[in-house]
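S.K.: okay, here's the prediction I keep looking at, along with the sequence it came from:
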Amino acid sequence: MKLLQVEAEEPPSRPLATSQRFSKPHSLINALAPASAPRLDTVVVRMERFPVGPQTRAFRKLFYPEVDAAEWNDWRWQARARIRTLAELERIFVLSDDERDAVIRHQGSLPLGITPYYASLMSRDDADEPLRRTHIPVGTEYIKTPGEDDDPLGEDGHSVVPGLVHRYPDRVLFLATGFCSTYCRYCTRSRMVGEPGGDYSFSRPQWEEALDYIAAHPEIRDVLISGGDPLTLSDERLDYLLGRLRAIKHIEFVRLGTKVPVVLPMRVTRALIRVLKKHHPLWMSLHFTHPTELTTEVTEATARLADAGIPLGSQTVLLKGINDSVETLKPLFHGLLTRRVRPYYLYQCDPISGSSHFRTSVDKGLEIIQGLRGHTTGYAVPTYVIDAPGGGGKIPLIPDYVVGREGDDLLLKNFEGNIYRYTDPDGTVGADRAIAAGQA
Ligand code: SF4
């Protein structure tokens, strides 16, 4: 039986339906099929339907009128057609002088790169629009402030072989590729993405060296594959890497860190799902930033991944003027939960060189967690962390709810600011705090 794969633009009638079989006129099938395909009336066409939201559809018709729905929904086309030059950018966006100068000035790693799909979600004329700010460079990107570093987490110093970071005793970070479909201007690995070379070649020999190291270290039970973005690898390469890792007896499970389902959701094809399902237990961390990203396409991609039995968590970087408020993050986290993605980490923005314009104070992060905890579902409250500079690992930060102690009573403040007593005769927590008049 010959299967032709054709993508449809129209959303399915059931929002999460993912495929449909149907008959097509034989003449059309024969016209679409390669010469070697059977010219028979028994040919069945399987259409892999991928929905397109109204804003994105209008954008495609305006800026890519020659591209049909099937091509638009081909992830390889999206990757090839990503916006990489000033001319391509100016064809779509009205740039500020600052943005234009910053694009002209750029050299080296972390190049400009935006998929047409993701560009369709951005404002074309407002340089302050959140998604646009995360992907179009500005001049402050070239200003290095105190405490910033090209490798703020000290990953290079913890690399045991090129592309493999062994910082925690029982788990490793496998940097599988230096390629991303879009490049975030606040990327922690800005030093190595987009222009791999030297130690960052991510070649097959590097993979083999890393696999040999993992196989020789039975204390490693968990591998996080990241990069770059591992879902930009071909199905075959991903299948190979996952298969090799799962074949190592002491590897209990594998995690993938990716932004692809957010910026290139059509990459989550049926074929990819078949590959991923072969390698359970497999977990996935998705990189979300803003509620604007919760599109029809993302709903479909996350549904496919969740239906494949992959536990989904989200990682969000706290970014000044972009998502640094309860009013922005609460709808994002609620939207993720309805898509079966658990908000997992809220990161304080790492001190990467040239990132000061993205970084909030730590007070702001704590204020946001305080504004969520108790005010919404506990599952919608991620852990707020600082990834300690130099390689200290993730350190959780939580608002302080301890008021003090009176004898055996621990005094605690709830989410509404009311004080409660908890009898804790063996405890010492809070003993060092003076209780202000009226608090007890
Ligand atoms: S997708 Fe991830 S690795 Fe790629 S640029 Fe963005 S943050 Fe960096």
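M.R.: Sure thing, it's come through.

S.K.: and residue 328, how far from residue 132?
M.R.: 15 Å (CB to CB, to the nearest Å). Just so you know, the C-beta spots here come from the backbone N, C-alpha and C atoms, and that holds for glycine as well.

S.K.: the two: which is more packed in?
M.R.: The neighbour comparison of residue 328 against residue 132 (other CB atoms under 10 Å) goes to residue 132, with 21 against 18.

S.K.: surely the more buried one is in a helix?
M.R.: Yes. Under DSSP: H, G, I helix; E, B strand; the rest coil, residue 132 falls within a helix.

S.K.: list the contacts for it?
M.R.: Each residue near residue 132 by CB atoms under 8 Å, 6 or more residues apart in numbering is listed here: 93, 122-123, 126.

S.K.: the ligand contacts on the stretch 51-200 of the chain?
M.R.: Proximity of the stretch 51-200 of the chain to the ligand, by CB under 6 Å from any ligand atom, involves residues 180, 183-184, 187, 189, 193.

S.K.: most neighbours of all those, which one?
M.R.: residue 180 (27 neighbours).

S.K.: I figured residue 151 hits residue 200, correct?
M.R.: No. Under the criterion of CB atoms under 8 Å, residue 151 is not in contact with residue 200, lying 11.4 Å apart.

S.K.: pLDDT on the helix or strand containing residue 369, on average?
M.R.: In this structure, residue 369 is located in helix 362-372 according to DSSP states H and E. For helix 362-372, mean pLDDT is 98.

S.K.: show me what counts as buried in that helix.
M.R.: The neighbour-count check on helix 362-372 (16 or more other CB atoms under 10 Å) flags 365, 367-372 as buried.

S.K.: the strands in the stretch 251-400 of the chain, which residues?
M.R.: Secondary structure of the stretch 251-400 of the chain (DSSP state E, counting those that start in this stretch): strands at 253-258, 282-287, 312-318, 341-348, 383-388, 393-396.

S.K.: adding distance to the ligand, mean pLDDT and mean neighbour count, write those out as a markdown table.
M.R.: A markdown table is the format used below for the strands of the stretch 251-400 of the chain (distance: least, CB to the nearest ligand atom, whole Å; pLDDT from 0 to 100; neighbours: other CB atoms under 10 Å):
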| stretch | distance to the ligand | mean pLDDT | mean neighbour count |
| --- | --- | --- | --- |
| strand 253-258 | 8 | 98 | 22 |
| strand 282-287 | 6 | 98 | 21 |
| strand 312-318 | 8 | 98 | 21 |
| strand 341-348 | 10 | 98 | 20 |
| strand 383-388 | 13 | 96 | 18 |
| strand 393-396 | 16 | 95 | 12 |
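
S.K.: of the ones you listed, which is nearest residue 160?
M.R.: strand 393-396 (16.3 Å; CB to CB).
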